[in-house]
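# Got a sequence here, can you build the structure:
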Amino acid sequence: MYPELFEIPFIHVTVKSYGLMMVVGFLAAVSLIRYLSRNITQDPQHITNAALYSLIAGVVGARLFYVVHHGDQFRGSISSVFAIWQGGLELLGGVVLAIAVIFFYLCYHKLPIRGYLDILAIGLMLALVFGRIGCFLNGCCFGKPTELPWAVRFPYGSFAYQSQIYPDPKRNRARPQLELPAEFSMQNNSGAGIQHQHLKPYDQLTPEQKRAVTHGRYRCLPVHPTQLYSSANAAALCLLLWLFWRRSQNAENSKMTHGLFTKPGSTFALMFILYGIARFLIEFFRDDNPFEVGSLTISQILSIVLVGVGAALMALFCSMKPKVSGR
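Presented below is the predicted three-dimensional model:
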């Protein structure tokens, strides 16, 4: 876990691993999209412009989704809503708003919408490969405790560790997963006469306590590396969508567009279906999102919606002509 990779000299600004991996994923996705779109556009600047707008929309959407999802954290402190550097982004919200912005951009410039959306789907999965690695380095989006040989342990004070040492009623967990003695906690006054328990900073622990939380009985329980599951899933989907897109391109070049799911837009629709199914399943291994309806999290509910949207789009695109005024 490396939430901060290094500090820039003189200006004393730390480079966050999550933000850096988002930028790397964005650049990789733009490069791939520009390469794949070379046959459908004479002006690659449109790709760059749309990507920049989607990046901004992605950050805004990811933050809004987090704020709505964790609204209790921001009551009484509106300014903290804008403190993105303190953490608090959810990729799914960013993806939804970024896609919406790109769609309106394509419509405004009268570009071949379905063709661009197909390529966008491939690039988006590539961006998620790096984005989820950023989640792993940051320690968010962690998984449930497990004894599998590839399980990972996060350090003392991490998101996973704090989740394990406290009860979590929102996940129907009445007792902590890891019983930590009271000597590891400290009380802070909220300013309204209310005392809150907080974990002691690592540098305030005694040598014995430090050994206990790093190598002893109070170290973090091993958990599923769900961030890496998500990254591997995005890589697999990126490859599958590219192969599907190539099949569609070959069918279009050979005038065989009557084949099953070969019309423009089919790759984009398939992304919703495959990603929705995969995210729904991966969520069973995660331990960070609260249950919203029964034992389903908000991400699982949205995943069901994504599958439905993807199926509807697939039916719509398959019923359309291959090209309508360049679209």
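
# Would you map the strands across this protein?
Under the criterion DSSP state E, strands of the chain are mapped to 4-8, 13-16, 185-189, 195-199, 291-293, 296-297.

# and those as CSV, adding distance to residue 114?
C-beta coordinates here come from the backbone N, C-alpha and C atoms, glycine included. Output for the strands of the chain, formatted as CSV (distance: least, C-beta to C-beta, whole Å):
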stretch, distance to residue 114
strand 4-8, 39
strand 13-16, 36
strand 185-189, 54
strand 195-199, 51
strand 291-293, 33
strand 296-297, 32
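
# Please identify the deepest-packed of those strands.
strand 296-297 (a mean of 18; mean count of other C-beta atoms under 10 Å).

# Would you mind pulling up the elements that it packs against?
The helices and strands touching strand 296-297, judged by 3 or more C-beta pairs under 8 Å, 6 or more residues apart in numbering; DSSP states H and E, number zero.

# Where does pLDDT dip in the stretch 51-200 of the chain?
Within the stretch 51-200 of the chain, the ranges that satisfy pLDDT under 70 run 69-92, 187-197.

# Out of the strands of the chain, which gets nearest to residue 223?
Among the strands of the chain, strand 296-297 comes nearest to residue 223, with 16.4 Å by C-beta to C-beta.

# Can you give the strand pairings for that closest one, parallel or anti for each?
Paired neighbours of strand 296-297 in the sheet (DSSP bridges): strand 291-293 (antiparallel).

# now the partner strand, how far from the centre of its chain.
19 Å (C-alpha atoms, centre = their mean, to the nearest Å).

# Give me the residues contacting that strand.
Contact with strand 291-293 is made by 170-172, 297-298, 301, as judged by C-beta atoms under 8 Å, 6 or more residues apart in numbering.

# Quick one, which of the residues you listed are buried?
Burial by neighbour count, 16 or more other C-beta atoms under 10 Å: within the contacts of strand 291-293 this picks out 297-298.

# what's the most distant pair in the contacts of strand 291-293?
The widest separation within the contacts of strand 291-293 (C-beta to C-beta) is 16.7 Å, between 172 and 301.

# Contacts only, for the closest residue to residue 285 other than its chain neighbours.
Setting aside the residues directly before and after it, residue 285 is nearest to residue 224 in space (C-beta to C-beta, 6 or more residues apart in numbering), at 4.5 Å. Contact analysis of residue 224 by C-beta under 8 Å, 6+ apart lists 142-144, 146, 148, 151, 285-286.

# The residue nearest to residue 119 when sequence neighbours are not counted: neighbour count?
Distance criterion C-beta to C-beta, 6+ apart; nearest residue to residue 119, sequence neighbours excluded, is residue 36 at 4.6 Å. Using other C-beta atoms under 10 Å, residue 36 is surrounded by 21 other residues.

# about what we covered before: next one: phi and psi at the residue nearest to residue 285?
Phi and psi for residue 224, reported as degrees, to the nearest 10, are phi -60, psi 130.

# Please tell me how far it sits from residue 145.
8 Å (C-beta to C-beta, to the nearest Å).

# With just CA atoms, put stretch 298-315 into PDB.
Output of stretch 298-315 as PDB, limited to C-alpha atoms (Å, rounded to 0.1, in the frame of the first residue of the first chain):
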ATOM      1  CA  ILE A 298     -25.400   0.200  -4.500                       C
ATOM      2  CA  SER A 299     -22.700  -1.000  -7.000                       C
ATOM      3  CA  GLN A 300     -24.600  -4.300  -7.500                       C
ATOM      4  CA  ILE A 301     -27.900  -2.500  -8.000                       C
ATOM      5  CA  LEU A 302     -26.200  -0.200 -10.600                       C
ATOM      6  CA  SER A 303     -24.600  -3.300 -12.200                       C
ATOM      7  CA  ILE A 304     -28.100  -4.800 -12.700                       C
ATOM      8  CA  VAL A 305     -29.100  -1.500 -14.300                       C
ATOM      9  CA  LEU A 306     -26.000  -1.500 -16.500                       C
ATOM     10  CA  VAL A 307     -26.800  -5.000 -17.800                       C
ATOM     11  CA  GLY A 308     -30.300  -3.900 -18.600                       C
ATOM     12  CA  VAL A 309     -29.100  -0.800 -20.400                       C
ATOM     13  CA  GLY A 310     -26.600  -2.800 -22.300                       C
ATOM     14  CA  ALA A 311     -29.200  -5.300 -23.500                       C
ATOM     15  CA  ALA A 312     -31.500  -2.500 -24.500                       C
ATOM     16  CA  LEU A 313     -28.700  -0.800 -26.400                       C
ATOM     17  CA  MET A 314     -27.800  -4.000 -28.100                       C
ATOM     18  CA  ALA A 315     -31.300  -4.500 -29.300                       C
END
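
# What lies in contact with it?
By C-beta under 8 Å, 6+ apart, the surrounding residues in contact with stretch 298-315 are 69, 92, 261, 265-266, 268-277, 279-280, 283, 289-290, 292-293.
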